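[1] following is a predicted model, sequence given first.
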Number of protein chains: 2
Amino acid sequence: MDLKPLLEKSDTKILLVVLDGLGGLPVREDGKTELELANTPNLDQLAFVSACGMHIPVDIGITPGSGPGHLGLFGYEPTRYQIGRGILEALGLDMEVTERDIAIRGNFATVEYKDGVPIVVDRRAGRIPTEENRRIVQKITEEIKEIDDVEVFIKSGREHRVAIVLRFPESLPQGSDAVNDTDPQALGVPPLKEEGKNPNAQRVAQVINKLSRKIADIIKEEPKANYLLMRGVAQKPQIEPFGEKFGLKAVAIAVYPMYKGLAKLVGMEEANPKGETIESQIETLKEVWDKYDFFFVHIKKTDSFGEDGNVEGKIKVLEEFDKQLPKLMGLKPDVFIITGDHSTPCVVKGHSWHPVPLLIHSPYVLGRISKAFTERECLRGEIGIIPAYKIMQLALAHAGRLKKYGA
Amino acid sequence: MDLKPLLEKSDTKILLVVLDGLGGLPVREDGKTELELANTPNLDQLAFVSACGMHIPVDIGITPGSGPGHLGLFGYEPTRYQIGRGILEALGLDMEVTERDIAIRGNFATVEYKDGVPIVVDRRAGRIPTEENRRIVQKITEEIKEIDDVEVFIKSGREHRVAIVLRFPESLPQGSDAVNDTDPQALGVPPLKEEGKNPNAQRVAQVINKLSRKIADIIKEEPKANYLLMRGVAQKPQIEPFGEKFGLKAVAIAVYPMYKGLAKLVGMEEANPKGETIESQIETLKEVWDKYDFFFVHIKKTDSFGEDGNVEGKIKVLEEFDKQLPKLMGLKPDVFIITGDHSTPCVVKGHSWHPVPLLIHSPYVLGRISKAFTERECLRGEIGIIPAYKIMQLALAHAGRLKKYGA
């Protein structure tokens, strides 16, 4: 529901800690999960005096990417706001994206020319080393600054991957990214030509086609990476800024660019920790504590170890977070939420569709139900199983920031 | 979903007891809630053999007013039917509201005239005593019976508050209440003029403007209450009558006018108990038991004590209800539902967003799950956490009043 008419001013503070990929599954014969195996006395004690539950990031049975996972936590119904792959790639490489931009994920590829027509023979250019990628991208960026009146920014990712941002002279109407990929998803055929499904998208398609030709020309002598295939062409989605939607001045404290980028996409500010440890993130949190109402702290390593299937690694991050928990409690947030953006069970070695443990600490909870911060104990909790995008409603309610609905 | 095609005739009886503001939160160090502290052996025994659960009145994190709270219990999705403040005020003062009516909440205010223009200096006229309010309202009603062809009814509330019903010669199209308040929500400025956002609303605005001027003229010599500011102008929402929607002949047994009014708004009849006690409400229930299919019994005091933060008081009402419970069981309702319209935890001293305990007694339940009628035990129950407006579906199902859906 639209919360705007219900928003109430307050000086309460809401702290949201996202342990990326938090939830798990049994990793041993005895059925214990990563959270159950981790020694987390502080988290367990907190769970006992908090409201616990589970959230479903996108929908039952749906495995979310990081984009939808975070949009949900930020209070946006994630199927209503699509963040295109190009946008995520650009954010992940710390590139800015604005209303004037089209973002693209590029893949270096190998083509052979037959009668002057490029034919794709390797869609990933043999996964060239990242160093080679960097060298080639530098060559391209030295020669291409603009296509017509559109600024061009290209940045290397890992191996064959790049991100491209095309900055147009003015804001692009929604729908300007309705164009196809040039990657034909097949070998032995030419790359596809960009075509736009409406006049604005046609203009975008034209720029990308010109860019593709120019790049092909610059790198045609490369042994492997002699073509750049375009995928996931996307513009910034139209999202009501977080600050307006919820009446909160918000800041993100994340280490990885993609999560900072996602937070910036909804209008949060960022505060950058000096190091990459949880400890240094908490230091930064303390420094900015007086300046904001809402704090998004993103902890990445739970997910990374989950993706690797590294049970010990994931447990160690959970235990490290547990040790730091008293420092967070020491800040006395009015509402303190701990959860994940999705589950990354070690046995799955990737994101999964499983509900994610959720804890809300505030003076206005029942508590004394969940005896530990684990999947099984959170399932018994007073919050039940709720959609991720409703968590913000609970956060605002507990923060005394929502008026009564109706007389 | 639309239940109409599924409705089945039956002579079963459904009893809904609403303990207003039922749900609570921990009130002591040991985490016990009002319901957990109350000595309620009958309720606890009933919970053990019933289906228990929790309901969410409006939405997760949303604190409902009494209007949306009851609409949900009556089976109406409460965000689809808005009951304006004017309507609730009029119902609360036992005034009838029909399809021909515009209802308004009026506040006596103090103005000073500068060059003939009223300037608001106190928006509540120093909260004049209720007696003074009554005297002034009588003076007004003696002089104003009609504005043009519109009948005018005015009734005193407490202190500076009044309710006004304007009865037009014919039914008003929906949207006729799209007008502003005259209360400027500020001091040192003139009251606002009513303006209508469509032709029907413009007619309504014109009548209210004339009424405001006439009243100002009549009370201009009053020392404090020399103006009446208009707020919450509203017409009766278009609601499918309860009887048609659910195929039930329904009666409300409430003591407070607002709850009788809410029941009448959806088309229930009313049966008025002689006294204000729970006992006398049950007497009345017995008297009309043969005449209806659906019985809404509204018990107010749980909420009143919750609003005051009076733990002992709230517990006493719960215990008093528990003592009367065998009488209700003695009526042998086919489906017996006990719940609240929202939570009013003593620690909040007001309505809250927390889910509300829910009990459904019928031969068709699992039972033997919840060991008491408390928040924590209901959370474990077989119903789970459901939206309030779905309770009526369960009620009809348990009453054998719903056919199979699909072949």
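    That came in fine, so what should we check first?

[2] who's the residue nearest to A:Ile383 when sequence neighbours are not counted bridged to?
    Leaving aside its sequence neighbours, A:Ile383 sits nearest to A:Gly53 (C-beta to C-beta, 6 or more residues apart in numbering or on different chains; 2.6 Å). Just so you know, the C-beta spots here come from the backbone N, C-alpha and C atoms, and that holds for glycine as well. Beta-bridge pairing of A:Gly53 under DSSP bridges involves A:Leu358, A:Gly384.

[3] A:Gly53 against A:Val356, yeah?
    No: counting by C-beta atoms under 8 Å, A:Val356 is not a contact partner of A:Gly53; they are 9.8 Å apart.

[4] per-residue pLDDT of the residue in chain A that chain B sits nearest to, please?
    Residue nearest to chain B within chain A (C-beta to the nearest C-beta): A:Gln393, separated by 3.2 Å. pLDDT recorded at A:Gln393 is 98.

[5] again with the one 5 residues further on
    Turning to A:His398, the model gives it a pLDDT of 98.

[6] A:Ile391 is in contact with that one, correct?
    No: A:His398 lies out of contact with A:Ile391 (C-beta under 8 Å); the separation is 10.5 Å.

[7] shared neighbours of those two, anything?
    A:Ile360 (C-beta atoms under 8 Å, 6 or more residues apart in numbering or on different chains).

[8] so A:Thr339 sits against A:Leu359, correct?
    Yes: counting by C-beta under 8 Å, A:Thr339 does reach A:Leu359; the two are 6.9 Å apart.

[9] what do these two both touch?
    By C-beta under 8 Å, 6+ apart, no residue touches both A:Thr339 and A:Leu359.

[10] the residue nearest to A:Ile383: neighbour count?
    26 (other C-beta atoms under 10 Å in any protein chain shown).

[11] report whether stretch A:7-25 contacts chain B.
    No: Stretch A:7-25 is not in contact with chain B by C-beta under 8 Å from any C-beta of the partner chain; minimum separation 10.6 Å.

[12] buried residues in that stretch?
    A:7, A:10, A:12-25 (16 or more other C-beta atoms under 10 Å in any protein chain shown).

[13] where do the helices sit along chain A?
    A:34-37, A:41-48, A:66-73, A:85-92, A:130-143, A:199-218, A:242-246, A:257-265, A:278-288, A:301-308, A:311-330, A:375-379, A:391-398 (DSSP state H).

[14] which ones are touching the nearest residue to A:Arg85 once chain neighbours are set aside?
    Residue nearest to A:Arg85 in three dimensions, not counting chain neighbours: A:Gly232, with 2.9 Å by C-beta to C-beta, 6+ apart. By C-beta under 8 Å, 6+ apart, the residues touching A:Gly232 are A:84-86, A:88-89, A:104-105, A:181.

[15] among the residues you listed, who's most crowded?
    A:Ile104 (31 neighbours).

[16] now for the residue of chain A most remote from its centre: which residues touch it?
    Farthest-out residue of chain A from its mean C-alpha position, per C-alpha atoms, centre = their mean: A:Asp115, at 43.4 Å. Not one residue lies near A:Asp115 by C-beta under 8 Å, 6+ apart.

[17] so what does it have for phi and psi?
    phi 50, psi 40 (degrees, to the nearest 10).

[18] got the confidence number for it?
    95.

[19] that older thread, now do the contacts for the residue nearest to A:Ile383.
    With C-beta under 8 Å, 6+ apart, A:Gly53 has these contacts: A:358, A:360, A:378-379, A:381-386.

[20] now with 10 Å?
    A:339, A:355-360, A:369-370, A:378-386, A:391, A:394, B:385 (C-beta atoms under 10 Å, 6 or more residues apart in numbering or on different chains).

[21] repeat that for A:Ser176.
    A:101-102, A:168, A:196, A:198-205, A:233-235.

[22] and of those, the nearest to A:Phe153?
    A:Asp101 (8.8 Å; C-beta to C-beta).

[23] surely that closest one meets A:Pro237?
    No: under the criterion of C-beta atoms under 10 Å, A:Asp101 makes no contact with A:Pro237, lying 11.9 Å away.
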